[in-house]
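A.B. asks: missing the sequence, but the structure's below:
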């Protein structure tokens, strides 16, 4: 008998880019509160997608959240995580994504607690036991790198691959995107 695949989008917001996935908000499924995971068994989830969620956690909270997800993922399950890229060399972008955000307290970025780069995000997931694979990111020199990835495994809207703002010759709003795979 085939088990039904369980794929979650954490902090879905207005994005509904992944048909067949379960969309959740923080009130329903909190990355720092295991009691909100009561609808799932440990080692039962195939995939978790988190687009612009982890930057709302401190580094320590990010490791804690990754470890909680690790417990609920099946072996070889994964988290596809996208956050603002701290190495993207655009001053206005960095102003928008900075810790505390660019302005009013009701702006979504006002709760940013960290701006990750590929090293910090990889390290955070590795500390929780994951193997990591970088999908889209900028290096220390601001050079953009892109590895092949499939939207069937989770669409990240704010990406070079899917965001129409990035269709021209100049990259305008990239994300640092990583797959963290349970060992």
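C.D. replies: Yep, it's here. None of the values given here were measured: they were computed from a predicted structure.

A.B. asks: the helix or strand where residue 76 lies pairs with which strands?
C.D. replies: According to DSSP states H and E, residue 76 maps onto strand 73-83. When pairing is defined by DSSP bridges, strand 73-83 lines up against strand 45-51 (parallel), strand 176-182 (antiparallel).

A.B. asks: in this structure residue 165 contacts residue 173, no?
C.D. replies: Yes: with contact defined as C-beta atoms under 8 Å, residue 165 counts as touching residue 173 (4.9 Å). No exception for glycine: its C-beta is placed from N, CA and C like everyone else's.

A.B. asks: what are the ranges of the strands in this structure?
C.D. replies: Remark: strands assigned in the chain by DSSP state E are 7-10, 22-23, 45-51, 73-83, 130-138, 144-146, 176-182.

A.B. asks: can you pull the contacts of the residue nearest to the spatial centre of the chain?
C.D. replies: Centroid check for the chain by C-alpha atoms, centre = their mean gives residue 81 as the closest residue, at 2.2 Å. Applying C-beta atoms under 8 Å, 6 or more residues apart in numbering to residue 81 gives the contacts 49, 50, 53, 54, 121, 125, 177, 178, 179, 180.

A.B. asks: now it, which residues is it bridged with?
C.D. replies: With DSSP bridges as the rule, residue 81 is bridged to residue 50, residue 178.

A.B. asks: how close does it get to residue 106?
C.D. replies: 25 Å (C-beta to C-beta, to the nearest Å).

A.B. asks: what's the answer for residue 170, then?
C.D. replies: Taking C-beta to C-beta as the measure, residue 170 falls 30 Å from residue 106.

A.B. asks: then residue 10?
C.D. replies: With distances taken as C-beta to C-beta, residue 10 is found 22 Å from residue 106.

A.B. asks: these two - which one has more neighbours?
C.D. replies: Shown here are residue 10 and residue 106; by other C-beta atoms under 10 Å, residue 10 has more neighbours (23 against 7).

A.B. asks: tell me the contacts of the more buried one?
C.D. replies: By C-beta under 8 Å, 6+ apart, the residues touching residue 10 are 24, 29, 31, 48, 49, 50, 53.

A.B. asks: kindly report the same for residue 6.
C.D. replies: The contact partners of residue 6, taken as C-beta under 8 Å, 6+ apart, are 22, 40, 44, 45, 46.
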